[in-house]
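Q: Build me a model from this:
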Amino acid sequence: MTHIFRTTAVSAAVLTAVLGLAGCGGSDPMPGMNHASPSPSATGSPSAAAAFNTADVAFATQMIPHHQQAVEMADQALRKATTADVKKLATAIKAAQAPEIEQLSGWLKNWGKPVPTPGMHDGHAMTGMMTEQEMQDLSKASGTMFDRMWTEMMIKHHQGAITMAKAEQTTGKDTAAITLAKQIQTAQTTEITTMQRLLGRLPAA
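A: Below you'll find the model as predicted:
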């Protein structure tokens, strides 16, 4: 429980800074940036004896590598993006999803299930995951071409996460996992709207 409070506080601090920058920048403040990790009171802390089912396990097992790729893409944007709004989005996405990876991993451990490791899902890509070729193409892009490519790819990535989150809400059993799925759906739906608006302002590739 202490760990969850700590990650929540860190995410909140990072997002406060991000939103502050958005308010001070020359562009309009961007909606959909409140992507902080859920509070302990919202998700609970499932124990090994908590009620869960195979859908909950699948949700956590698949969302971890899905989030890991989003964090990897966010790191690329923080290094290479030339548009301030892209960097702001990348900062918010990383601040939210990195703590969620730890949360999801903790649930799997409590349930006595294996935590996925990098490469574990090779050949079994989840909905919205970028292929290895797409990630290589992104790493080679630069300038505004990178910004547009990253935004288009992250929209697709978010759409996949929303599909997974909806499935958990329909078939899952663990209340904390279902609550997190709802929050992922809400936050990423809003961010998709933000990114679609951003695409309209980016030069065509």
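Q: Please make it C-alpha for all contacts and neighbour counts, starting now.
A: Noted.
Q: any idea how far V86 lies from M135?
A: In this structure, V86 lies at 17 Å from M135, with C-alpha to C-alpha, to the nearest Å as the measure.
Q: Among the two, which residue is more densely surrounded?
A: V86 (21 against 16; other C-alpha atoms under 10 Å).
Q: For the host helix or strand of that one, which helices and strands make contact with it?
A: Secondary structure assigned from DSSP states H and E places V86 in helix 84-110. On a contact count with 3 or more C-alpha pairs under 8 Å, 6 or more residues apart in numbering; DSSP states H and E, helix 84-110 meets helix 2-24, helix 54-80.
Q: Ranked by average pLDDT, which of those falls at the bottom?
A: Note on these: helix 2-24 shows the lowest mean pLDDT, a mean of 38.
Q: in the protein, which residue is closest to the centre?
A: Q97 (4.3 Å; C-alpha atoms, centre = their mean).
Q: what's the neighbour count on the closest residue to T144 other than its chain neighbours?
A: Computed as C-alpha to C-alpha, 6 or more residues apart in numbering, the closest residue to T144 that is not its neighbour in sequence is T82, at 6.4 Å. Residues lying near T82 (other C-alpha under 10 Å) number 16.
Q: Could you look up the SS state of T82?
A: Here T82 is recorded as coil under DSSP: H, G, I helix; E, B strand; the rest coil.
Q: where's it relative to S142, distance?
A: T82 sits at a distance of 9 Å from S142 (criterion: C-alpha to C-alpha).
Q: Please apply the same query to L199.
A: Distance of L199 to S142, given as C-alpha to C-alpha: 16 Å.
Q: What of R201?
A: From R201 across to S142, the span is 17 Å (C-alpha to C-alpha).
Q: In terms of neighbours, single out the busier of these two.
A: S142 (14 against 10).
Q: Find me whatever residue is spatially closest to that one, sequence neighbours aside.
A: K80 (6.9 Å).
Q: Point out where this structure drops to low pLDDT.
A: For the chain, residues meeting the criterion pLDDT under 70 lie at 1-50, 119-125, 205.
Q: any idea which element M129 lies in?
A: Using DSSP H and E, M129 falls within no helix or strand.
Q: So what does it have for phi and psi?
A: Here is the backbone geometry of M129 (degrees, to the nearest 10): phi -70, psi 140.
Q: Let me know whether the residue nearest to S142 touches G143 as I believe.
A: Yes: in this structure, K80 is within contact of G143 by C-alpha atoms under 8 Å, at 7.5 Å.
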